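S.K.: Build me a model:
(one chain, ligands or ions: 1)
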Amino acid sequence: MSEIAIKAQNVSKIYSQGLFKKRYKLVLDNINLEVKKGDRLVIIGESGMGKTTLARILANLDAPSSGDVYWFGTSLKDVNRSEYKHLRKKVQYVHQDPYASLHPSKTIFKIIADPLKKCQGLTGRKLEEKVYELLEMVGLMPPDYFFNKYPHHLSGGGRQRLAIARALTAQPEILIADEPISMIDMSLRAAIIKLLKDLNDKHNITVILILHDIGAARYFTYEKGEIAVIYGGRIVEKGTSEEVITRPIHPYTKVLISSSPIADPELARNREIEQLRSHDPPIRGPETKNCPFSHACNYFVDKCLSITPELEKVNADHYIACHVFKD
Ligand SMILES: Nc1ncnc2c1ncn2[C@@H]1O[C@H](COP(=O)(O)OP(=O)(O)OP(=O)(O)O)[C@@H](O)[C@H]1O
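M.R.: Residues are numbered from 1 along each chain as shown. Presented below is the predicted three-dimensional model:
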């Protein structure tokens, strides 16, 4: 059996808001997820559903209010300092915004070389060779052409490639990329997803990719991996791309798929998009026990307003959290 690379166990996150911080907002509600070593996972959902919060907690950039995250079987609550130092390098995070995450006055060589010196202790010719290799690996070609350039010389896609190369300097085994394509031109997006697929395929790096684009999710997972659909801080549907995108069950997943843009004008004209009862994100507190989608769902029944549905198995490749639709 493959080793579990990363696991979230009963992870919840509550933020306090308001003047005296007395209003509590449940942003993640009892999330359970695991990703095997060398596998791929997409976490998909619309804005404000908790994707970034979950990604940051998985990367230990933020702490859950309750629950635990495990890296390679080690609980981040119990880990000792030296073990954590060792594990930290293995889990790297790629930010949504490549513009903000790169030092504007450092050359591209320095952006990659500095962490290489720190993480791998490389110097001189070996350092130069490694910078060359990493730039080549992320498709910044020919690598030495970029050595003395600066981030502002690159396109958005190029900057995201550079941000990925920088994350690779730590030789990670898990890469968590938070919407890495949302701030770059449409035409460059597929290439970044392809790069992440290649890193997974050729270098066996476990990749967790946060997305709101269903087409990109399908492209990333059609050969392997899973898609987890998040709504109101809950995983509402999870499974292979074949199951979740081809045979969606949850009403939210269906709406997400049917409203994703399609290029063919004929298909776009003829398709029907279900109108939801509300387009606002749900407001839930720590004590809320309902289906997070119940305020928007056209099919809700009484139970949906008072009992939070748990993820249940439909088949080996498909899980669903819905009181009404179960298969
Ligand atoms: N530090 C914070 N304090 C209070 N509320 C927060 C904080 N960070 C996030 N939130 C709230 O948590 C909810 C989920 O935010 P999150 O950024 O995780 O969603 P998201 O799905 O990643 O959305 P987006 O795609 O817009 O980034 C939102 O309602 C957001 O306003």
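S.K.: State the pLDDT value of the residue nearest to Phe325 when sequence neighbours are not counted.
M.R.: Nearest non-adjacent residue to Phe325, counting by C-beta to C-beta, 6 or more residues apart in numbering: Ile249, 5.0 Å away. All C-beta atoms are positioned from the backbone trio N, CA, C, and that covers glycine. We have a pLDDT of 96 for Ile249.
S.K.: Residues in contact with the helix ranked longest in the chain: which ones?
M.R.: Ranked by number of residues, the top helix in the chain under DSSP state H is helix 186-203. By C-beta atoms under 8 Å, 6 or more residues apart in numbering, the residues outside helix 186-203 that reach it are 38-40, 137-139, 155-157, 160-161, 164, 168, 175, 177, 180-181, 184, 205-207, 209, 213, 216, 219-220.
S.K.: And stretch 320-327, by the same measure?
M.R.: By C-beta under 8 Å, 6+ apart, the residues outside stretch 320-327 that reach it are 234-237, 249-251, 291, 297, 299-301, 303-304, 307, 309-312, 314.
S.K.: Looking at these, which are in helices?
M.R.: 251, 303-304.
S.K.: Where do the strands of this protein begin and end?
M.R.: Per DSSP state E, the chain carries strands over the ranges 4-17, 23-36, 40-44, 66-71, 74-75, 91-94, 174-178, 206-211, 226-231, 234-239, 312-315, 318-320.
S.K.: any chance of those in JSON lines, with mean pLDDT and distance to Val255 too?
M.R.: Shown next, in JSON lines, are the strands of the chain (pLDDT from 0 to 100; distance: least, C-beta to C-beta, whole Å):
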{"stretch": "strand 4-17", "mean pLDDT": "94", "distance to Val255": "25"}
{"stretch": "strand 23-36", "mean pLDDT": "94", "distance to Val255": "20"}
{"stretch": "strand 40-44", "mean pLDDT": "97", "distance to Val255": "13"}
{"stretch": "strand 66-71", "mean pLDDT": "97", "distance to Val255": "28"}
{"stretch": "strand 74-75", "mean pLDDT": "96", "distance to Val255": "37"}
{"stretch": "strand 91-94", "mean pLDDT": "96", "distance to Val255": "28"}
{"stretch": "strand 174-178", "mean pLDDT": "96", "distance to Val255": "23"}
{"stretch": "strand 206-211", "mean pLDDT": "97", "distance to Val255": "16"}
{"stretch": "strand 226-231", "mean pLDDT": "97", "distance to Val255": "10"}
{"stretch": "strand 234-239", "mean pLDDT": "97", "distance to Val255": "11"}
{"stretch": "strand 312-315", "mean pLDDT": "94", "distance to Val255": "19"}
{"stretch": "strand 318-320", "mean pLDDT": "97", "distance to Val255": "15"}
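S.K.: one step back: alpha carbons only: can I get the longest helix of the chain in CSV?
M.R.: Taking C-alpha atoms only, helix 186-203 is exported to CSV below (Å, rounded to 0.1, in the frame of the first residue of the first chain):
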residue,chain,number,x,y,z
MET,A,186,-5.6,32.3,-20.2
SER,A,187,-3.2,31.2,-23.0
LEU,A,188,-0.4,30.4,-20.5
ARG,A,189,-2.6,28.5,-18.0
ALA,A,190,-2.5,25.1,-19.5
ALA,A,191,1.3,25.2,-19.7
ILE,A,192,1.5,25.7,-15.9
ILE,A,193,-0.9,22.9,-15.2
LYS,A,194,1.2,20.7,-17.6
LEU,A,195,4.4,21.7,-15.7
LEU,A,196,2.8,20.6,-12.4
LYS,A,197,1.7,17.3,-14.1
ASP,A,198,5.2,16.7,-15.3
LEU,A,199,6.7,17.4,-11.8
ASN,A,200,4.3,14.8,-10.5
ASP,A,201,4.9,12.2,-13.3
LYS,A,202,8.6,12.5,-13.7
HIS,A,203,9.8,13.4,-10.2
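S.K.: This completes my enquiry, with thanks.
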